[in-house]
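**Student:** quick one: sequence and predicted model below, then my questions.
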Number of protein chains: 2
Amino acid sequence: MSQTAAQVNHKVQAFLDDLKGKTIDHVFFVACGGSSAIMYPSKYVFDREAKAISSDLYSSNEFIQRNPVQLGENTLVILCSHSGNTPETVKAAGFARKKGALTIAMTFEPDSPLAKEAEYVAVYDWGENAQAINTNYGVLYQIVFGALHVLENHLAFEQAIDGLNKLQAVYDKALKQEADHAKAFAKAHEKEDIIYTMASGANYGVAYSYSICILMEMQWIHSHAIHAGEYFHGPFEIIDESVPFIILLGLDETRPLEERALSFSKRYGKKLTVLDAETYDFSGIDDSVKGYLAPLVLNRVLRSYADELAEARNHPLSQRRYMWKVEY
Amino acid sequence: MSQTAAQVNHKVQAFLDDLKGKTIDHVFFVACGGSSAIMYPSKYVFDREAKAISSDLYSSNEFIQRNPVQLGENTLVILCSHSGNTPETVKAAGFARKKGALTIAMTFEPDSPLAKEAEYVAVYDWGENAQAINTNYGVLYQIVFGALHVLENHLAFEQAIDGLNKLQAVYDKALKQEADHAKAFAKAHEKEDIIYTMASGANYGVAYSYSICILMEMQWIHSHAIHAGEYFHGPFEIIDESVPFIILLGLDETRPLEERALSFSKRYGKKLTVLDAETYDFSGIDDSVKGYLAPLVLNRVLRSYADELAEARNHPLSQRRYMWKVEY
């Protein structure tokens, strides 16, 4: 275990040390947009693994206004904002602390308002040279699997940390393997007005993030992240040979939902882009955590699809018309 | 209280009688598509009111595959399928019962597979002559407020039942008031390829339902239900004077999120359709439940917008290309 501990972010470790002996019966995942989307797989982990801790995931302002009655002294609130400056999330941290909840915030900016507002702060790495285990997704899983280990003596902590440690190699190999597909995707979709995404389970947040942050926000392309199970109860009526879909296949227990959605889409659609985590090399990573780590790989690969799409469309991912530019 | 009890569906009342003395610490809302969407306001009610009962809402197959570890003997699972024939939901009922959970199903068809599979069954009314309190939304709230009353001695049961009883009058008046707006909406949108919907809190499920069931499924119009709080963290970059939005304003605590989203949209968008529950006449309904009942009214009014849209586009709401027609 000490070898595992050595790989954990030292701020996360300090939080986990303090967590020992505390009673937590509810966890809230609270953030906005892309920072919220990275938390969906963690909610999946909690649902499957946490025997006595319930959890909810809310956009920061929804969390504050909804004001869940169970938010209190036995609650852990995990927050995230890249800049640490998202007003709703900063406010949510203060709101949760006033209710007596334990708060831990993740951010890229150690001196940001969010870092000051939350009780515990874990700073993550970001950018070209960041290792998977130290990015937002990686640090969040350290918190999540660490908390399950401390609070419920959950056994997959070592496997999770070991898996996160080996994840960068999976990213690198998958990116190489998908490089041509990413370029082909960009070329094929450069004139599209709408692109749907679809996934389920641990992977749904990746589809959501790609839909609202990459396509809508950064490319001004219409989008909607369809849940692969809900697809057959409404949304599938939209597909025909002209409508593009990005379909994700993960490695978690809901994969049959994604496979069913893909199989139907192949029969009636034509513009399908499939990212299948089964084609990536997870060797050395324990089976018990592969399903939880697959969305992180899918997300990293999809980012390369975004880079290529931006290039092909001559629409930089940094371009905005409202965000940070006008009042809102 | 006996006057209240007299207004409750007798199958719901039998369920509530049996519920007395039972220990329930988690509720799962389980259904697909439109039947799932009606449950979003109930999750909102539970979050705000249930002191010791956590809850989750999942599409039926996601529920089964996710296989939440907390599903067990102290769990209540509330299911719904209009036909009672939705395979995923029928399977979910059996799955939950095998885990020892208490199950209650809502359906329009008393002899359906779902009605046979669940332990308790409440049949709801539907169609032109159905009274609000006896429809799917109405019966679900009877179960929800009834369960809170039995399990936590929650005080709003009488107010909720009384409110449901007066709801048909609210519908009728709102429909009259909105009749011309519905026609104008249909005329203005008959040629649109994409229409976004937006809401938050108790009303989000109404936006979701309109997006996936009415627009995508029944009109083959692209859509996406945007959460009003998430709007500013990605999706709002999509709006301009050419992009239509339906924006809902409810009466619950998240209304400021919806108002903020509307205010921004008014500055940069032009094709806005606003349904504001504050313009409807809720007189006689207790303040403590108005926010919970508003989505039911918004949903009923939106249905008239769907009827007019289908008429204007000469595309009947009953038309399908895949659903019930091909294998999936």
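**Tutor:** Great, that's in hand. Numbers count the residues shown, from 1 in each chain, chains lettered A, B, ... in the order given.

**Student:** surely A:Phe28 touches A:Asp56?
**Tutor:** Yes: contact criterion Cβ atoms under 8 Å: A:Phe28 and A:Asp56 qualify, at 5.4 Å. Where C-beta positions appear, they are placed from N, C-alpha and C, glycine not excepted.

**Student:** anything in contact with each of these two?
**Tutor:** Taking Cβ atoms under 8 Å, 6 or more residues apart in numbering or on different chains as the criterion, A:Phe28 and A:Asp56 both touch A:Pro68.

**Student:** give me the residue at the spatial middle of chain A.
**Tutor:** Nearest residue to the geometric centre of chain A (Cα atoms, centre = their mean): A:Ile38, 2.0 Å.

**Student:** give the contact list for that residue.
**Tutor:** If a contact means Cβ under 8 Å, 6+ apart, then A:Ile38 has A:Ala31, A:Cys80, A:Asn136, A:Tyr137, A:Leu140, A:Gly205, A:Ser209, A:Asn299 as its contacts.

**Student:** what would the residues you listed look like in CSV with distance to B:Ser304 and secondary structure?
**Tutor:** Listed next are the contacts of A:Ile38 as CSV, based on distance: Cβ to Cβ, whole Å; DSSP: H, G, I helix; E, B strand; the rest coil:
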residue, distance to B:Ser304, secondary structure
A:Ala31, 37, strand
A:Cys80, 41, strand
A:Asn136, 44, helix
A:Tyr137, 45, helix
A:Leu140, 44, helix
A:Gly205, 35, helix
A:Ser209, 35, helix
A:Asn299, 41, helix
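
**Student:** closest to B:Lys290 out of those residues?
**Tutor:** A:Ala31 (29.9 Å; Cβ to Cβ).

**Student:** A:His315 contacts A:Gln219, correct?
**Tutor:** Yes: if you go by Cβ under 8 Å, A:His315 and A:Gln219 touch, sitting 5.8 Å apart.

**Student:** the two: which has the busier surroundings?
**Tutor:** A:Gln219 (23 against 15; other Cβ atoms under 10 Å in any protein chain shown).

**Student:** gap between the residue of the stretch 51-200 of chain A found nearest chain B and A:Met39?
**Tutor:** Proximity to chain B, evaluated over the stretch 51-200 of chain A using Cβ to the nearest Cβ, is greatest for A:Ser54 at 3.4 Å. A:Ser54 sits 15 Å away from A:Met39, going by Cβ to Cβ, to the nearest Å.

**Student:** and A:Tyr58, bridged to which residues?
**Tutor:** A:Val30 (DSSP bridges).

**Student:** contacting residues for it?
**Tutor:** Shown in contact with A:Tyr58 (Cβ under 8 Å, 6+ apart): A:Phe28, A:Phe29, A:Val30, A:Arg66.

**Student:** ok, back up a step: which of A:Ser54 and A:Met39 has more residues huddled nearby?
**Tutor:** A:Met39 (25 against 21).

**Student:** surely that one and A:Ser81 touch.
**Tutor:** No: the pair A:Met39 / A:Ser81 is not scored as a contact, 11.9 Å apart, by Cβ under 8 Å.

**Student:** hmm, A:Phe46 is touching A:Val144, no?
**Tutor:** Yes: with contacts counted by Cβ under 8 Å, A:Phe46 reaches A:Val144, the gap being 7.2 Å.

**Student:** quick one: which of the two has more around it?
**Tutor:** More crowded of A:Phe46 and A:Val144, by other Cβ under 10 Å: A:Val144, with 26 against 22.

**Student:** identify the residue of the stretch 151-300 of chain A closest to chain B, quick one.
**Tutor:** Closest point on the stretch 151-300 of chain A to chain B, by Cβ to the nearest Cβ, is A:His233, at 2.6 Å.

**Student:** contacts only, for that residue.
**Tutor:** By Cβ under 8 Å, 6+ apart, A:His233 lies in contact with B:Cys32, B:Gly33, B:Gly34, B:Ser36, B:Ser59, B:Thr86, B:Ile212, B:Cys213, B:Glu217.

**Student:** now swap in A:Phe232 and tell me
**Tutor:** So A:Phe232 contacts A:Arg260, A:Ala261, A:Phe264, B:Cys32, B:Gly33, B:Met323, B:Tyr328 (Cβ under 8 Å, 6+ apart).

**Student:** tell me the pLDDT of it.
**Tutor:** A:Phe232 carries a pLDDT value of 98.

**Student:** what's the answer for A:Val274, then?
**Tutor:** On the pLDDT scale, A:Val274 gets 98.

**Student:** and stretch A:195-209, end to end?
**Tutor:** Taking Cα to Cα, to the nearest Å, the first and last residues of stretch A:195-209 lie 13 Å apart.

**Student:** what about the closest residue to A:Asp111 other than its chain neighbours, helix or strand, and which?
**Tutor:** Using Cβ to Cβ, 6 or more residues apart in numbering or on different chains and skipping residues adjacent in sequence, the residue nearest A:Asp111 is A:Gly84, 7.9 Å away. Under the criterion DSSP states H and E, no helix or strand holds A:Gly84.

**Student:** just list what the worst-scoring helix or strand of chain A on mean pLDDT packs against, helices and strands only.
**Tutor:** Ranking every helix and strand in chain A by mean pLDDT, DSSP states H and E puts helix A:2-6 at the bottom, with a mean of 71. Contact analysis of helix A:2-6 by 3 or more Cβ pairs under 8 Å, 6 or more residues apart in numbering or on different chains; DSSP states H and E lists helix A:157-189 as its packing neighbours.

**Student:** now for the following helix or strand past the helix it packs on, which elements pack on it?
**Tutor:** Using DSSP H and E, the helix or strand that follows helix A:157-189 in sequence is strand A:194-199. Counting contacts by 3+ Cβ pairs under 8 Å, 6+ apart, strand A:194-199 packs against helix A:204-209, strand A:222-227, strand A:245-249, helix A:255-268.

**Student:** just these: most buried one?
**Tutor:** Mean neighbours per residue, mean count of other Cβ atoms under 10 Å in any protein chain shown, is largest over those for helix A:204-209, with a mean of 27.

**Student:** off-centre distance for that one?
**Tutor:** 7 Å (Cα atoms, centre = their mean, to the nearest Å).

**Student:** outline the domain layout of chain A.
**Tutor:** Domain assignment for chain A, taken from automatic domain parsing, gives A:2-154, A:170-313.
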